[in-house]
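1. Following is a predicted model, sequence given first.
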Amino acid sequence: MTTTQEIFRCKCCGHCCHGESTVSITPGERAAIADFLGISQSLLLERYCVEKKGRTEMKVTGGHCIFYGDDGLCMIHPVKPFQCRRWPLHPGILDDESAWRAIKADCPGFDENAEYEEVCRLVREKADSGC
Ligand code: SF4
Ligand code: SF4
């Protein structure tokens, strides 16, 4: 059986932290990030977050998430949101092979010979492990 590392290995290129928006964060994630930074949740919201259509997202600054560091690493890695921890093994892949092809085109971490079925297996394993 092909291993996760053979199918996907993050290259830490930072591409997924760039763009015009970031992921939304839950109240629990908000509390964890504020705690990690040693600030109040209200200050976190004011300084680092933006409200969009009823959801709280991390701000974008300089074309990337506000928590993307100058060293190319996530500044809140131990408490980064679930959607960041899970990326690029997104559950939407399971319903739509074209979704995986689009993600693969943007993420150099996938082995170029990775098969759709193998990637789906990884997505399911990730879901089962709760991470
Ligand atoms: S785009 Fe892919 S390889 Fe690059 S940092 Fe994100 S997950 Fe890792
Ligand atoms: S929280 Fe970290 S991993 Fe998530 S988008 Fe921001 S910099 Fe990237």
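-> All right, it came through fine. Numbers count the residues shown, from 1 in each chain. Ligands and ions are numbered 1, 2, ... in the order given.

2. And the helices in the protein, which stretches?
-> Along the chain, counting by DSSP state H, helices occupy 4-7, 27-37, 41-48, 82-86, 92-95, 97-106, 116-129.

3. Can you tell me what sits against the third one?
-> Outside of helix 41-48, the residues within contact range by C-beta atoms under 8 Å, 6 or more residues apart in numbering are R30, A31, I33, A34, L37, I39, T56, M58, K59, I66, F67. In short, each C-beta sits where N, CA and C put it, glycine included.

4. would you list the helices of the chain in CSV and tack on mean pLDDT?
-> Putting these into CSV (pLDDT from 0 to 100) gives the following:
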stretch, mean pLDDT
helix 4-7, 75
helix 27-37, 98
helix 41-48, 98
helix 82-86, 91
helix 92-95, 89
helix 97-106, 92
helix 116-129, 82
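
5. count of neighbours near the closest residue to S24 other than its chain neighbours?
-> Once flanking residues are discounted, S24 sits nearest to R55: 4.1 Å by C-beta to C-beta, 6 or more residues apart in numbering. By other C-beta atoms under 10 Å, 12 other residues sit near R55.

6. wait, which of the helices of the chain is closest to ligand 2?
-> Nearest of these to ligand 2, taken as C-beta to the nearest ligand atom: helix 82-86 at 3.3 Å.

7. which ones are touching the residue nearest the centre of the chain?
-> Nearest to the mean C-alpha position of the chain, counting by C-alpha atoms, centre = their mean, stands C84 at 1.9 Å. Neighbouring residues of C84 by C-beta under 8 Å, 6+ apart: C16, V23, C74.
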